[in-house]
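Q: let's see this in three dimensions:
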Amino acid sequence: MAKQNPSPDSSAPDLSDIDQLGYEQAREQLVEIVSKLETGGTTLEESLQLWERGEALATRCENWLDGARQRLDAARARREETREQAASE
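A: Just a heads-up that it's a prediction; the model follows:
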């Protein structure tokens, strides 16, 4: 008997709002989702939707942190460049 692939799920979570969230908002939602998943009591479908949203939120947080790291690195590089210029004068 051939194994059937599950049909695409029309109840996949809408993740379009995640790109508009700030770091704190995304992190807060992620914490809530983790808490719900750890507590249990949701159906398999609800758990999958929570998991998918959680993954997207985690990626959003990671992107924010990567951006912040890049900004800090750039600021440090500018500061070091300014010090080197001052030292050479």
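Q: rest of the way, CA atoms for contacts and neighbours
A: Will do.
Q: show me the shaky parts of the protein.
A: 1-10 (pLDDT under 70).
Q: got the residue ranges for the helices in the chain?
A: Applying DSSP state H to the chain gives helices spanning 23-39, 44-88.
Q: so the longest one versus helix 23-39, what angle?
A: So the one you mean is helix 44-88. The directions of helix 44-88 and helix 23-39 differ by 140 degrees, with axes from the mean of the first three to the mean of the last three CA atoms, to 10 degrees as the criterion.
Q: distance of the closest residue to Pro13 other than its chain neighbours relative to Ser11?
A: The spatial neighbour of Pro13 that comes closest, neighbours along the chain excluded (CA to CA, 6 or more residues apart in numbering), is Gln49 at 5.7 Å. According to CA to CA, to the nearest Å, Gln49 stands 8 Å off from Ser11.
Q: who's more crowded, these two?
A: Per other CA atoms under 10 Å, whichever of Gln49 and Ser11 has more neighbours is Gln49, with 17 against 9.
Q: wait, doesn't that one sit right on Asp14?
A: No. At 9.3 Å, Gln49 does not count as touching Asp14 under the criterion of CA atoms under 8 Å.
Q: ramachandran coordinates for Ser16?
A: Phi and psi for Ser16, reported as degrees, to the nearest 10, are phi -70, psi -20.
Q: for it, give me its contacts.
A: By CA atoms under 8 Å, 6 or more residues apart in numbering, no residues touch Ser16.
Q: mind redoing it with 10 Å?
A: By CA atoms under 10 Å, 6 or more residues apart in numbering, the residues touching Ser16 are Ala56.
Q: kindly report the same for Ala77.
A: 71, 83.
Q: count of residues packed around Glu62?
A: Quick note: Glu62 (other CA under 10 Å) scores 14 neighbours.
Q: which residues does it contact?
A: Residues in contact with Glu62 (CA under 10 Å, 6+ apart) are 23, 27, 56, 68.
Q: show me which of those residues is closest to Ala87.
A: Ala68 (28.6 Å; CA to CA).
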